[in-house]
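Chemist: Sequence and predicted structure are below.
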Amino acid sequence: MLGLLRIALGLVLLNFGLAKIFHFHAGNFMPPQGSLPWFAGLIELVIGALFLIGFQTRIMAFILSGEMAVAYFIAHLPKSFFPTENGGYAAAVFAVVFLYFVTAGSGAFSVDRARNAA
């Protein structure tokens, strides 16, 4: 189940990165190139893809947890303390779940597991 959770989270993050960088099914996620949200999209694209395949999962999860925490404090907390009012519930949950992966590792179906088995 840990591997499936990693894959699901990786796909969601990869989708956000694709939307912000390449405007692929972007909806509201079309930041100007070089802006802070654009750089966040670059992290989500590259690090999210590595997290998805389970490569150096603990390190990637640490970076992603930090990104989500920064996103919450910069973009959401100034609007309101409460996630239901500031729209930051996803960033808050992602930060904690990625922090869990820092301690738990990649789970099944990962490059990390394949490299350790060899």
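Modeler: Structure's in. What do you need? Residues are numbered from 1 along each chain as shown.

Chemist: How is the residue nearest to Met1 when sequence neighbours are not counted assigned, secondary-structure-wise?
Modeler: Counting by CB to CB, 6 or more residues apart in numbering, Gly107 is the residue found nearest to Met1 once chain neighbours are left out, at 7.4 Å. For glycine as for every other residue, the C-beta is placed from the backbone atoms N, C-alpha and C. Following DSSP: H, G, I helix; E, B strand; the rest coil, the label given to Gly107 is coil.

Chemist: so where is this structure shaky, pLDDT-wise?
Modeler: Scanning the chain for pLDDT under 70 picks out 118.

Chemist: Only the buried residues of the helix ranked longest in it, if you could.
Modeler: Longest helix in the chain by number of residues (criterion: DSSP state H): helix 2-22. Of the residues in helix 2-22, 2-3, 6-7, 9-10, 13-21 count as buried by neighbour count, 16 or more other CB atoms under 10 Å.

Chemist: So which of the residues you listed is the closest to Gly48?
Modeler: For those, the residue nearest Gly48 by CB to CB is Leu13; the value is 3.4 Å.

Chemist: That closest one and Val46 touch, don't they?
Modeler: No. Between Leu13 and Val46 there is no contact under CB atoms under 8 Å: 10.3 Å.

Chemist: what's the nearest residue to Gly54 if we skip its chain neighbours?
Modeler: Gly54's closest residue in space is Ser110 (CB to CB, 6+ apart), at 2.4 Å.

Chemist: neighbours of that neighbour, just the number please.
Modeler: Neighbourhood size, Ser110 [other CB atoms under 10 Å]: 22.

Chemist: How about the contacts made by it?
Modeler: Gly3, Arg6, Ile53, Gly54, Phe55, Thr57 (CB atoms under 8 Å, 6 or more residues apart in numbering).
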